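> Next one to model:
(chains A and B)
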Amino acid sequence: QITLKESGPTLMKPTQTLTLTCTFSGFSLRDSGVGVGWIRQPPGKALEWLAVIYWDDDERYSSSLKTRLTITKDTSRNQVVLRLTNMDPVDTARYYCALRQGEYGSGYSSWGQGTLVTVSS
Amino acid sequence: QSVLTQPPSVSGAPGQRVTVSCTGSSSNLGAGYAVQWYQQLPGRAPQLLIYANNNRPSGVPDRFSGSKSGTSASLAITGLQAEDEADYYCQSYDISLSGVIFGGGTKLTVL
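Down below sits the predicted model:
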């Protein structure tokens, strides 16, 4: 059974750096074609893709947020970490991590429940 | 403004067929990149419904189908049920943005 769970702060102040951890089970980031990505969703709004990291250490970022994002992985601990610098109230959103497997094309086949991050002074 | 354009809402009566459109451009769907569809039930995480244009993951009812032609894609739902009431998102890749893109989402209301 594949599971993913996001963890991190729920309340941030402007200019702070957000660090979110995705802890997963049921698959390995050592397996060819596997990637873990982050997607966010502001309240009442659409999904926005942020970043993905693959089994071979390849990292891809949203072009609009690239300068603020860093994604890393700890394969031995089954974790992926996302950092977003210089937080702003517009970054208030539910942040999801999700699994990308080659057998599902470029789709994200399993998702965590998400974690709501609020940015407010 | 999303790169992939979806109607904000669609509706249908139980048992009917509805479609959700997703319009892109020459830098995404028109460039041959596949489309995925997700269903997001109220208060829940999105769930992959269709991948690679017209494929269903195991467990997804065959009432859901996808198609793609040129710069557009569609999700069709037949035999509409009350439990289908949700938000639906299309997703693809854009070569100009060098990244994954989502549509703005479509809210399906079952009348």
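> Just give me the residue right at the centre of chain A.
Centroid-nearest residue in chain A: A:W38, 2.5 Å away (criterion: CA atoms, centre = their mean).
> how close does it get to B:G103?
In this view, A:W38 and B:G103 are 18 Å apart by CB to CB, to the nearest Å. Bear in mind the C-beta positions are built from the backbone N, C-alpha and C, glycine included.
> Repeat that for A:T72.
Distance from A:T72 to B:G103, by CB to CB: 29 Å.
> What of A:T17?
From A:T17 to B:G103 the distance is 30 Å (CB to CB).
> can you check B:R63 too?
Taken as CB to CB, the span from B:R63 to B:G103 is 21 Å.
> So for these two, which residue has more residues nearby?
B:G103 (27 against 14; other CB atoms under 10 Å in any protein chain shown).
> Return the residues in contact with the more buried one.
A:46, B:2, B:4-6, B:22, B:89-91 (CB atoms under 8 Å, 6 or more residues apart in numbering or on different chains).
> which bits of chain A sit near chain B?
A:37, A:39, A:46-49, A:52, A:60-63, A:96, A:104-114 (CB under 8 Å from any CB of the partner chain).
> As a check, name the ranges of all strands in chain A.
Counting by DSSP state E, one finds strands in chain A at the ranges A:3-7, A:11-12, A:18-25, A:35-41, A:48-54, A:59-61, A:69-74, A:79-84, A:93-100, A:108-111, A:115-119.
> Could you dump the ones you listed into TSV and include mean pLDDT?
TSV is the format used below for those (pLDDT from 0 to 100):
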stretch	mean pLDDT
strand A:3-7	98
strand A:11-12	98
strand A:18-25	98
strand A:35-41	98
strand A:48-54	98
strand A:59-61	97
strand A:69-74	98
strand A:79-84	98
strand A:93-100	98
strand A:108-111	97
strand A:115-119	98
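> so which of the ones you listed comes closest to B:S11?
strand A:35-41 (22.6 Å; CB to CB).
> helices and strands around that closest one, which ones?
If you count contacts as 3 or more CB pairs under 8 Å, 6 or more residues apart in numbering or on different chains; DSSP states H and E, strand A:35-41 packs onto strand A:18-25, strand A:48-54, strand A:79-84, strand A:93-100.
> 6 Å instead?
strand A:48-54, strand A:93-100 (3 or more CB pairs under 6 Å, 6 or more residues apart in numbering or on different chains; DSSP states H and E).
> For chain B, list the residue farthest from the centre, please.
Most peripheral residue of chain B (CA atoms, centre = their mean): B:S96, 21.5 Å.
> Show the pLDDT at it.
We have a pLDDT of 95 for B:S96.
> pretty sure it contacts B:S26?
No: the pair B:S96 / B:S26 is not scored as a contact, 9.1 Å apart, by CB atoms under 6 Å.
> In chain B, spot the strand with the most residues.
strand B:86-94.
> Quick check: neighbours of the very next helix or strand once past it in the sheet, parallel or antiparallel?
Using DSSP states H and E, the helix or strand that follows strand B:86-94 in sequence is strand B:99-102. Under the criterion DSSP bridges, strand B:99-102 sits next to strand B:86-94 (antiparallel) in its sheet.
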